[in-house]
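A.B. asks: Any chance you can model this:
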Amino acid sequence: MEVIESKIDKNSDQYKKNYDDMKTLMDDLNAELKKASDDRSPKAIAREQESGKLPAKKKLELLLDKNTPFLEIAPLAAKDMYDGKIHKAGYFSGIGVVKGREVGIAINDATIKGGSMYPMGVKKGLRMQAICMENRLPAINLIDSAGAYLPMQSEIFPDLWDGGRTFFNQAQMSKMGIPQIAAVMGLCTAGGAYGVAMCDDIVHVKNHGAIFLGGPPLVKAATGEEVTADELGGPNLHCIESGVSDYIAEDDAHAIQIIRNIVENLPAADKAKLTMKEPKPPIYDPEELYGIVSPDLSKPFDIREVIARIVDGSEFLEFKELFGSTMVCGWAHIHGYPVGILGNNGVLFSDSALKATQFIQLCDKRKIPLLFLQNITGFIIGKSYEQGGITKNGHKMVNAVSTASVPKFTCIVGASFGAGNYAMCGRAYSPRFLWMWPNAQIGVMGGQQAAGVLISITNDQNARLGKPPLTKEEEEFIRQPVLDNAYKEGSAYYSTSQLWDDGVIDPVKTRDTLGLAISAALNAPIRNDIYGHGVFRM
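C.D. replies: Sure, this is the predicted structure:
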């Protein structure tokens with residue numbers, strides 16, 4: 001493969017400005033990540049210490065193999081939602097290594113509202129289950145939860161993707177042969193009791209772990225019986241009498257050691273095989289990404305410069321380099337894993353879409369994972385482009401993205417607007433993982449374009465009614481709220497708080513993040529047994 005020849009001038013004013021602006025964004029991101037991990041009330045921390053429980057971060061540390069990476073999922077979920085203090089939507093989650101085995105991990109943080117489950121916490125839990133199912137990862141849950149946050153029960157309980165889906169997924173995971181291991185480290189009430197009971201292995205901690213369909217207050221209200229939490233659902237009852245739980249642990253640390261022993265006893269993972277190469281770092285410094293990509297989305301950049309700083313040896317075999325130039329496609333390796341990369345260098349034209357369609361099909365047929373680097377404002381529009389078939393050719397690309405069954409990974413490095421988001425494997429197209437850079441923006445269209453459309457529509461309506469066109473002041477009255485809303489709801493922070501992505505990441509860490517994700521994806525078959533595509537409109 002040829003090494004990409006970088007054309008970046010690190011002494012240019014634009015590079016220096018980009019670098020400074022991106023560093024500012026990174027400082028903000030690191031501050032937000034620290035807040036999400038550490039901002040807890042002293043009262044909640046003291047209460048946890050008095051109970052003899054370990055903090056969620058300490059539990060994670062004890063669970064993971066020493067000196068192994070942890071790929072955290074949605075660390076800023078629920079940011080600025082509710083009272084602004086439901087950090088991480090209530091728990092840590094991600095992919096880590098336990099006894100040499102990649103596993104999915106979820107750990108309730110009892111210092112956040114006693115571990116109460118908010119709507120975004122349910123959504124995050126379902127996302128982790130999807131990750132475990134898609135990638136065939138054993139699921140480990142360290143549970144200490146007060147249950148559903150009752151004032152918001154209507155947003156948690158009844159719908160297809162609400163709390164009940166958790167247990168449906170558990171049954172499906174069991175059917176798929178995915179191990180599910182739970183540690184009861186606090187109260188597991190009502191649905192929480194079912195969530196534990198549906199696991200393969202249950203470790204029950206003395207003194208503060210309890211499982212029951214209805215807690216002592218409900219039992220007293222319903223039956224008049226007075227009973228303690230330990231008498232009603234403690235480890236002695238469930239390990240000796242009911243048989244619900246399998247192992248008794250003296251404390252949290254002991255429970256985690258038992259879980260590590262259980263994982264060690266699992267059958268070895270039969271990972272999918274790819275044609276690997278010896279990993280080697282890019283020849284260009286990944287930190288140069290800060291100077292290449294501007295937070296101002298109107299400033300263009302060559303996506304090849306991004307590729308050169310995340311792939312092994314900065315080597316890239318470009319496909320159809322002279323055809324459909326606004327779409328860059330080609331093969332490379334990341335940490336030794338082969339990948340087919342699609343990146344944007346402008347809007348999608350018919351030739352760009354056809355090129356991408358062919359490339360996606362080649363990768364799917366050859367069992368090569370796909371990486372989409374999004375910086376896309378959408379498909380080209382206009383009469384001549386419609387005559388040239390942009391609608392049907394765009395449909396071919398969307399079809400190919402939808403039906404490709406090799407692992408797909410998406411990173412939004414700039415804009416992600418409209419149908420371009422779909423064609424470049426946005427969240428709705430089920431990439432195994434999707435991340436955003438802190439400068440990224442997402443929406444139906446950019447704020448300026450949306451404001452322009454609304455002003456144009458209003459002027460058309462005025463013309464039909466015989467009214468004069470909008471004045472400059474009236475146009476600004478329409479424009480500014482649209483721009484403000486687009487900036488707020490199109491930001492990477494808004495996206496990640498809503499779980500539209502799996503996290504906002506440091507551009508410098510993109511390569512390592514992708515390497516961990518590809519490795520995790522290989523726990524599942526590289527492609528399903530049905531190869532093909534839907535009907536293409538010719």
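A.B. asks: who's in contact with R309?
C.D. replies: When contacts are counted by C-beta atoms under 8 Å, 6 or more residues apart in numbering, R309 touches 282, 284-286, 288-289, 292, 511. Heads up, the C-betas are built off the backbone N, CA and C, glycines and all.
A.B. asks: Sorry, slip of the keys, the one I care about is G420.
C.D. replies: Here G420 is in contact with 344, 347-348, 374, 376-379 (criterion: C-beta under 8 Å, 6+ apart).
A.B. asks: which of those lies closest to M176?
C.D. replies: Q374 (30.5 Å; C-beta to C-beta).
A.B. asks: Can you give the distance from the longest strand that the chain contains to the centre of its chain?
C.D. replies: Secondary structure of the chain read by DSSP state E shows that its longest strand is strand 408-417. Centre-to-centre, strand 408-417 and its host chain are 12 Å apart (C-alpha atoms, centre = their mean, to the nearest Å).
A.B. asks: can you check stretch 360-379 too?
C.D. replies: For stretch 360-379, the distance to the chain centre is 18 Å (C-alpha atoms, centre = their mean).
A.B. asks: So which bits of it are buried?
C.D. replies: 360-361, 363-364, 367-379 (16 or more other C-beta atoms under 10 Å).
A.B. asks: ditto for stretch 160-179
C.D. replies: Under 16+ other C-beta under 10 Å, the buried positions of stretch 160-179 are 162-166, 169-170, 173, 178-179.
A.B. asks: picking up where we left off before, tell me which two of the contacts of R309 sit farthest apart.
C.D. replies: Counting by C-beta to C-beta, the most remote pair of the contacts of R309 is I292 and R511, 14.4 Å apart.
A.B. asks: sorry, back to before: could you single out the nearest of the contacts of R309 to L25?
C.D. replies: Among the contacts of R309, and counting by C-beta to C-beta, the member closest to L25 is L289, at 11.9 Å.
A.B. asks: Quick check: the closest one touching V306?
C.D. replies: Yes: the pair L289 and V306 passes the contact test of C-beta atoms under 8 Å, sitting 6.5 Å apart.
A.B. asks: picking that back up, can you tell me which of the contacts of R309 are buried?
C.D. replies: Buried among the contacts of R309 (16+ other C-beta under 10 Å): 282, 284, 286, 288-289, 292, 511.
A.B. asks: From these, pick the one nearest V184.
C.D. replies: Looking across those and measuring by C-beta to C-beta, the closest to V184 is R511, at 38.7 Å.
A.B. asks: Tell me how far the closest one lies from E321.
C.D. replies: 23 Å (C-beta to C-beta, to the nearest Å).
A.B. asks: Likewise for E102?
C.D. replies: Distance from E102 to E321, by C-beta to C-beta: 36 Å.
A.B. asks: Also L150?
C.D. replies: 59 Å.
A.B. asks: ok, the two, which is more surrounded?
C.D. replies: E321 (13 against 10; other C-beta atoms under 10 Å).
A.B. asks: On the three-state scheme, that one is what?
C.D. replies: Per DSSP: H, G, I helix; E, B strand; the rest coil, the secondary structure class of E321 is coil.
A.B. asks: Now the helix ranked longest in the chain: average pLDDT?
C.D. replies: Using DSSP state H to define each element, the chain has its longest helix at helix 13-38. What helix 13-38 shows for mean pLDDT is 98.
A.B. asks: helices or strands next to it in the packing?
C.D. replies: With contacts taken as 3 or more C-beta pairs under 8 Å, 6 or more residues apart in numbering; DSSP states H and E, helix 13-38 sits against helix 289-292.
A.B. asks: Can you give the contact residues for the helix or strand immediately after the helix it packs on in the chain?
C.D. replies: Per DSSP states H and E, the first helix or strand lying C-terminal to helix 289-292 is helix 303-307. Helix 303-307 is contacted by residues 4, 6-8, 289, 292-293, 314, 316, 328, 330, 332, 341, 343-345, 373, 375, 413 when judged by C-beta under 8 Å, 6+ apart.
A.B. asks: change it to 6 Å
C.D. replies: 4, 8, 292, 316, 328, 343, 345, 373 (C-beta atoms under 6 Å, 6 or more residues apart in numbering).
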